[in-house]
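A.B. asks: A predicted structure for the sequence below; I have some questions about it.
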Number of protein chains: 2
Amino acid sequence: MSNERETGLVLDPRYDVNGLITAVVTDADTGEVLMLAHMNTQALSLTRDTGEAHFWSRSRGALWKKGETSGNVLRVVDMRIDCDQDALWIVARPAGPACHTGARSCFYRRVGTQGLERIE
Amino acid sequence: MSNERETGLVLDPRYDVNGLITAVVTDADTGEVLMLAHMNTQALSLTRDTGEAHFWSRSRGALWKKGETSGNVLRVVDMRIDCDQDALWIVARPAGPACHTGARSCFYRRVGTQGLERIE
């Protein structure tokens, strides 16, 4: 990895072979991890331009504005990128449950010693 | 995706074509996102068995215990899995800086309007 990408101040995302970067979203108020998804260059541009999180749906093969149909948009409060610029951390205020199951967070199950335990 | 995987209580990670699942690590005390990495089935087993985070290094093609050489291990406090079981959220107590650059978190740069801004 280039040193410039790691320590410099130029946004230079390291997209994978599918043109995607991983994005993790946390709740600005609770700090909870809400979801993990992927962005292509267009989703990242739209997120920066509109202040609302956009992703690339790998299963549907389509651009996707979070909350487009449910109304549960994610207002971006802060955005950071990691050392090798292949992951984004988005701090957001969710308008509603982040998970399509209706849970506040997609991470609604704990990995316990015997299996999973539902949290909420 | 199967409904059982989404709502059930059986740990059934959905590994990608490379046999990996994404793991995001947050600091148990500050809530900060520390790093994002990947686990294969062996790394996940070792993490559960030892209580210290293990990953699969895609660049080195090798199993990797975080802090193995630096001493900056990650003690796992809580572990959760997301709705489609292709991502893990690990809450941990870091023994030192999580980033190989020496930063507390790998996400030490903000994505600003003009470029990146160093945070610490």
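C.D. replies: Received, thanks. Remember, predicted model here, so these are calculated numbers, not experimental data.
A.B. asks: When you work out contacts or count neighbours from here on, use the C-alpha atoms and nothing else.
C.D. replies: Will do.
A.B. asks: Now look at the host helix or strand of residue A:56 and say if it contacts chain B.
C.D. replies: Taking DSSP states H and E as the criterion, the element that holds residue A:56 is strand A:54-57. No. Using CA under 8 Å from any CA of the partner chain as the criterion, no contacts between strand A:54-57 and chain B are found, and the smallest distance is 13.4 Å.
A.B. asks: For that strand, which helices and strands make contact with it?
C.D. replies: In terms of contacts (3 or more CA pairs under 8 Å, 6 or more residues apart in numbering or on different chains; DSSP states H and E), strand A:54-57 is packed against strand A:33-39, helix A:41-50, strand A:62-65.
A.B. asks: Of all those, which one is nearest residue A:99?
C.D. replies: With distances scored as CA to CA, the stretch of those nearest to residue A:99 is strand A:33-39 (7.3 Å).
A.B. asks: Could I get the phi/psi values of the residue located most distally from the centre of chain A?
C.D. replies: With distances taken from the mean C-alpha point of chain A and given as CA atoms, centre = their mean, the most distant residue is residue A:114, at 29.3 Å. Summarising the backbone geometry of residue A:114 under the convention degrees, to the nearest 10, its torsions are phi -100, psi -10.
A.B. asks: Distance check, it against chain B.
C.D. replies: As defined by CA to the nearest CA, to the nearest Å, residue A:114 lies at a distance of 9 Å from chain B.
A.B. asks: got the buried residues for stretch A:67-82?
C.D. replies: A:67, A:72-76, A:78-82 (16 or more other CA atoms under 10 Å in any protein chain shown).
A.B. asks: now it: mean pLDDT?
C.D. replies: The predicted model gives stretch A:67-82 an average pLDDT of 97.
A.B. asks: Same question for stretch A:95-113.
C.D. replies: The average pLDDT within stretch A:95-113 is 96.
A.B. asks: buried ones in it?
C.D. replies: A:96-99, A:103-111.
A.B. asks: what do you get for stretch A:14-27?
C.D. replies: Neighbour-count burial for stretch A:14-27, with 16+ other CA under 10 Å as criterion, is recorded at A:14-15, A:20-27.
A.B. asks: Quick check: end-to-end length of that stretch?
C.D. replies: As for stretch A:14-27, its first-to-last residue distance stands at 25 Å under the measure CA to CA, to the nearest Å.
A.B. asks: I'd like the average pLDDT over it.
C.D. replies: Across stretch A:14-27, pLDDT averages out at 97.
A.B. asks: which residues are in contact with it?
C.D. replies: With contact meaning CA atoms under 8 Å, 6 or more residues apart in numbering or on different chains, stretch A:14-27 is reached by A:13, A:32-41, A:56, A:84-94, B:24.
A.B. asks: What subset of those residues is buried?
C.D. replies: Under a neighbour-count criterion of 16+ other CA under 10 Å, the subset of those counted as buried comprises A:13, A:32-40, A:56, A:84-94, B:24.
A.B. asks: can stretch A:95-110 be found next to chain B?
C.D. replies: Yes. Part of stretch A:95-110 sits near chain B under the criterion CA under 8 Å from any CA, namely A:99, A:101, A:106-110.
A.B. asks: One more: stretch A:64-73?
C.D. replies: No. Shown here: stretch A:64-73 not in contact with chain B (CA under 8 Å from any CA), separated by at least 15.9 Å.
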